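>>> what would the 3D arrangement of this be:
(chains A, B, C and D)
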4 protein chains.
Amino acid sequence: MAGSTFGNIFKITTWGESHGKALGVVIDGCPAGLSLNENDIQSYLDRRKPGQTSISTPRKESDQVEILSGVFEGKTTGTPISLMVPNTSQKSSDYSEIASYYRPGHADYSFDAKYGFRDYTGGGRSSGRETIGRVAAGAIACKLLKEMGIMITAYTRAIGPVQADLSLFDKEAITSTPTCMPDRAADEKAMAYLKACMEKKDSSGGIIECLVDGLPAGIGDPVFEKLDANLAKAVMSIGAVKAVEIGDGIQVSGALGSANNDAFVSRDGRIEKKTNHSGGILGGISDGSRIILRAHVKPTPSIFSAQETVNKAGENIEIQIKGRHDPVIVPRAVVVVEAMTAITILDACMLNMTARVDYLKDFYAH
Amino acid sequence: MAGSTFGNIFKITTWGESHGKALGVVIDGCPAGLSLNENDIQSYLDRRKPGQTSISTPRKESDQVEILSGVFEGKTTGTPISLMVPNTSQKSSDYSEIASYYRPGHADYSFDAKYGFRDYTGGGRSSGRETIGRVAAGAIACKLLKEMGIMITAYTRAIGPVQADLSLFDKEAITSTPTCMPDRAADEKAMAYLKACMEKKDSSGGIIECLVDGLPAGIGDPVFEKLDANLAKAVMSIGAVKAVEIGDGIQVSGALGSANNDAFVSRDGRIEKKTNHSGGILGGISDGSRIILRAHVKPTPSIFSAQETVNKAGENIEIQIKGRHDPVIVPRAVVVVEAMTAITILDACMLNMTARVDYLKDFYAH
Amino acid sequence: MAGSTFGNIFKITTWGESHGKALGVVIDGCPAGLSLNENDIQSYLDRRKPGQTSISTPRKESDQVEILSGVFEGKTTGTPISLMVPNTSQKSSDYSEIASYYRPGHADYSFDAKYGFRDYTGGGRSSGRETIGRVAAGAIACKLLKEMGIMITAYTRAIGPVQADLSLFDKEAITSTPTCMPDRAADEKAMAYLKACMEKKDSSGGIIECLVDGLPAGIGDPVFEKLDANLAKAVMSIGAVKAVEIGDGIQVSGALGSANNDAFVSRDGRIEKKTNHSGGILGGISDGSRIILRAHVKPTPSIFSAQETVNKAGENIEIQIKGRHDPVIVPRAVVVVEAMTAITILDACMLNMTARVDYLKDFYAH
Amino acid sequence: MAGSTFGNIFKITTWGESHGKALGVVIDGCPAGLSLNENDIQSYLDRRKPGQTSISTPRKESDQVEILSGVFEGKTTGTPISLMVPNTSQKSSDYSEIASYYRPGHADYSFDAKYGFRDYTGGGRSSGRETIGRVAAGAIACKLLKEMGIMITAYTRAIGPVQADLSLFDKEAITSTPTCMPDRAADEKAMAYLKACMEKKDSSGGIIECLVDGLPAGIGDPVFEKLDANLAKAVMSIGAVKAVEIGDGIQVSGALGSANNDAFVSRDGRIEKKTNHSGGILGGISDGSRIILRAHVKPTPSIFSAQETVNKAGENIEIQIKGRHDPVIVPRAVVVVEAMTAITILDACMLNMTARVDYLKDFYAH
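Presented below is the predicted three-dimensional model:
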């Protein structure tokens, strides 16, 4: 496997298992001169921390990040930034049962098929804790993007049948409600829905939406490295995501061209679009409008109802998963979508700096 | 820009503009010893050729492929395979009008924003003709996959509101109906719908579905290079695709865990899944079931109704696009989805050959 | 194999065999807006063309380059530039003999070991003609570097025992003498030496030196992507090169620190070095002095004396290679070293544009 | 900068500064199933540890490695292996002097030119301690190669004018003499030479040679990813290396073809070469003979004699570096050359497993 690295210039490499000693990330290609300390990163990690609400596993993890390299006297040096989050609560629980069979909806079977065996404690590398490295790196990307005038905002768009009403958009609610919805009424409904799910020993899926504001037109590349293609990969690489939409997304397949095209309009010498069905990307390149993407997240596969499966001896068995797990993955994955979007956008912005001969001549003419 | 290369080991680089001298692709990393001639590739290219049906632009292009390198005495040599398709019908039509304004739904504006100017003849690099290189390379990937027992099948799942009924699946219909639907009744309905679209000077979107059969469990990587992440990128990088789904796709967000999990079952010593909501991928790694993905394609942006836009002088104008264009992109994009899927799957299969120490020891034990 | 692509942002992919239909290169990542026509490239290709002197194979190849994509109205568009050089003189000579045995010093045996068979006509992919794509791409890199104030100059430093005297440096001589030495007296001696070699049915090695002037300090990266590491790879990847030196090169191993260190000195507010033992690179990053590198090139392996070898049946045989070949590779490889150096330097300059947060903020502050 | 990652499938990413909290490496792409513990790695790190001989800086660093991820129940899992070596003896010495000027022969000036400032404590990222990550990763590569029958052996070939006599090759001496020479008599002479250097407040260069035994023919790629090109990059990327030779290296430029060509010979049904001027590589691909490479290492730039330089205010000053430093880099760099060679060879072996269609068909035919 050589699949733990993401990005071209702003390049991150994550490592670590759920119940190993630690998880971490190395960020190579972060420009020199960015003010950075642990708090900048911790605030993002805290958004995915377990044990904070009634719909989050009570496993307590402090998830404290430590900067091991790449920062000197408070500023990034241009050399790799190594971040580590020690695992503190790997209780020596008995995983021998999980070791012996394949949990439905999990990666147990596909891992064994690939590697011949697997770290079965807490999901190993395919645990949701793998996203710690993504979020830590994303915090840095977000900080740098902010200094460039670019803002990333992700939130829960839906949980099961409960949709957030965006006409009531309340940004504060994203980080203060347990569901991370930007609509407090929908949050309450969703919490009721989740409570019912838990009572039925079941789990729920949901939708995460992410916006990019302030991105100029011209970012992204025309063919394989289309901005939307890279965003799709970035977001689909998050465990449990099964669909990605850009702009109008799945609705375009039922739409007419006359309704789907966004008219251009000149306002005060600026070219804008009257609508934004495209979600801010045309031909793989940003068009100056807000970028909009959505990720569809499957229900938590660990449910407490009885399930049929196969054990390693090849026998058909019935299992009942113990412990406790979140009834929905979505709220804790919101910051992960935000992180992956930020990393992708920043990398595209960096690559774009060499798109024209004039950029090179301006840069080297001093 | 450095975005015209795709793949890690089976690596393709495409080039060419709609109205330039030629389009082509270099395939680097194709293993030595594959029987290959122009016909193997031509049959795929013919599936995307214009001028074949009433819903395809009558621009006649023979799109004849020529193998320039990498094949010796009928077999691939392991060195780069260079394929070229000359442009034969670039009529010297007057593009000065298109040069002067930004067509809604096209990449005209975003290209100009990126590069400062653009090749405005026929869409340049952002034309649908860019996919010729993808299809030519995909034909080789498909041929090699077949020898490994892996089959890729794409077809039109829907056009506008008309859905193919998969219970009537007719494989022959995919390559013999104008819509590339595997259901002749739906094809007829879709053709009627498209005719109505054309009469209203409008265009339609649609859905392409792609299946991978015969792929063993264990292919793909657990984190950023998840098989579904790479498929999402591959398919989203096709112009006009605005959403990608794996397995149940967008339906997972409204589903319950108990319904979405696929139970494992042992049959004759083989581990299988009772259902396939996962679309053949768990934790980014193939699970041995059929891979299923869907691409949502937007309506052709070139429509013949009047549209508002902006010209290069920054004036708001109304335009009426001339010429003739396909009322739907979907049928000609079916083989492109098949090609991109094949390239992605083959590359993942190649990477997988080094996943275990035993594989290396077996290979080098002589 | 996936080894026909070089570079990160300015990325080239070469293809083609000695006796195939054509050779070529795709340059992806060339910035938009560079004036470019066939002549810009042809003048570089002409420097490696055969049949021009008494020490160059009389095989006549016009080696005319054609631009197939990526240039519109005389300027690069930012999209891939596809260049092709058709093979015109692939005479249907009888290669069956070469097909049957392994020529000493050639890649015949190692190719067969890797791929199971090989294109034996004229060396196939391991022919010197493979460098056509490198030179064509290098011509573009050189043109762009010139606009940035950076000049690359390669020449023959030695042929066999005959060294050029650099105190007599005559730049014109590089492109007008048959040996490409910058010293006409040494050129004459070298020609006499080569004539003697040919009479003895033997061949000679030599040294190519390359200078980079005008490169600012700060280009290159500190660890694996050191500027000297990438130059070493670039130059060692040219067939027949067996050693690469930077600055004082092999002499550093016998040197004392007091002699090898270059003192810094401030002159008119500029920091310079009093000497340049480092060859312009410290810690993998350019130090503002001239870059100096040398490539040691082995003698042409095709000699006309009798040689021992093995045939495909595994029998020990004696062979006498027919046809005619250059008695020395060096003069025609000078422009190849220049090309590979240019591509490497340009790519490093492009990567460097994102080294500091301030660069990003300046670029995106509009 | 995005230059801290090396390799394609066996991919390593190093991080850390001389006086930061720790140094480390993430190895992604190590196959699953390799027995691995800290001792396997520690024994390699101990070979580059300071403070062991009279020619090594007395700074005491225990350099204890810790495995943080990727190993489960004593075996690699196929997921990233994170290794960390904490810095224990970063004494709070006063570096303000070094911060104020540019040491000749060091990367101080070029770092500042690139990033605008630098971590000046102990050389930061350009310290020799950066190689800890390389050696730790190399230990794993060596272990895996051994299981495949491939052995890597590096040693000191020369220190200043003192050459090891390889006819007396004593493998034990490599790890037991202070110079790492395989010739105890030469070691003694070299030690005397170094003592004299130290007395003169000077330092010495030297040569490291590395052998690869057991590598089958057919490894490496024909064009840019030639095996020798990648070895050249790998070795030139080690700080202080200024020249790399393969096989006869610099001697080929003065040689005749008749002497430089290696005749093939068939022995007991095996094809071998009668000589090995090529150093085991023809056309970029291994030819089945021993691989031989040499690195020329410059003298330690930190010397105790007075030196001229410039301070940050731009004034010409004279400095005298304090502390204590090794009079020669070579002995501690031997294991670094071995590590980088191993990583390069292993990666090439892995890439080679997809070179032929038959390999894929054999692998997937079960």
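>>> buried ones in the lowest-mean-pLDDT helix or strand in chain A?
When each helix and strand of chain A is scored by mean pLDDT, DSSP states H and E, helix A:96-100 comes last, with a mean of 85. The neighbour-count check on helix A:96-100 (16 or more other C-beta atoms under 10 Å in any protein chain shown) flags residue A:98 as buried. Every C-beta, even on glycine, is put in place using the N, C-alpha and C of the backbone.
>>> what is the next helix or strand after it packed up against?
With elements assigned by DSSP states H and E, the helix or strand that comes after helix A:96-100 is helix A:108-115. Where contact means 3 or more C-beta pairs under 8 Å, 6 or more residues apart in numbering or on different chains; DSSP states H and E, helix A:108-115 is packed against strand B:281-282, strand B:285-286.
>>> and if we set it to 10 Å?
Packing contacts for helix A:108-115, counted by 3 or more C-beta pairs under 10 Å, 6 or more residues apart in numbering or on different chains; DSSP states H and E, involve strand A:307-310, strand B:270-273, strand B:281-282, strand B:285-286.
>>> these: which one's closest to chain D?
Taking C-beta to the nearest C-beta, strand B:285-286 is the member of the helices and strands packed on helix A:108-115 nearest to chain D, at 10.7 Å.
>>> so what strands line up beside the closest one?
Next to strand B:285-286 in the sheet, as set by DSSP bridges, lie strand B:281-282 (antiparallel).
>>> what's in contact with the strand it pairs with?
Residues from elsewhere that reach strand B:281-282 (C-beta atoms under 10 Å, 6 or more residues apart in numbering or on different chains): A:102-111, A:113, A:126, A:236, A:239, A:242, A:301, B:212, B:215, B:217, B:219-220, B:226-229, B:231, B:246-247, B:262, B:273, B:287-289, B:291-293.
>>> cutoff 7 Å now
If you take C-beta atoms under 7 Å, 6 or more residues apart in numbering or on different chains as the criterion, strand B:281-282 is touched by A:106, A:107, A:109, A:110, B:220, B:227, B:228, B:246, B:287, B:291.
>>> for residue A:293, what are its contacts?
A:210, A:231, A:235, A:244, A:245, A:246, A:279.
>>> show me where pLDDT drops low in chain A?
A:1, A:51, A:58-59, A:90-94, A:366 (pLDDT under 70).
>>> break down it into its helices, ranges please.
Assigned by DSSP state H, the helices in chain A fall at A:38-48, A:96-100, A:108-115, A:131-147, A:171-176, A:184-199, A:227-236, A:257-260, A:330-352, A:357-364.
>>> quick check: buried residues in the fifth one?
Read that as helix A:171-176. Buried residues in helix A:171-176, counting neighbours by 16+ other C-beta under 10 Å, are found at A:173, A:174.
>>> chain center to that helix: distance?
Its chain's C-alpha centre and that of helix A:171-176 lie 17 Å apart, by C-alpha atoms, centre = their mean, to the nearest Å.
>>> now the helices and strands packed on helix A:108-115 in TSV, with mean neighbour count?
Below are the helices and strands packed on helix A:108-115 laid out as TSV (neighbours: other C-beta atoms under 10 Å in any protein chain shown):
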stretch	mean neighbour count
strand A:307-310	22
strand B:270-273	18
strand B:281-282	30
strand B:285-286	28
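>>> distance to residue C:69 for those - can I get that in TSV?
Output for those, formatted as TSV (distance: least, C-beta to C-beta, whole Å):
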stretch	distance to residue C:69
strand A:307-310	53
strand B:270-273	46
strand B:281-282	36
strand B:285-286	36
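>>> rewinding a little: let me know which of the helices of chain A is tucked in deepest.
helix A:227-236 (a mean of 29; mean count of other C-beta atoms under 10 Å in any protein chain shown).
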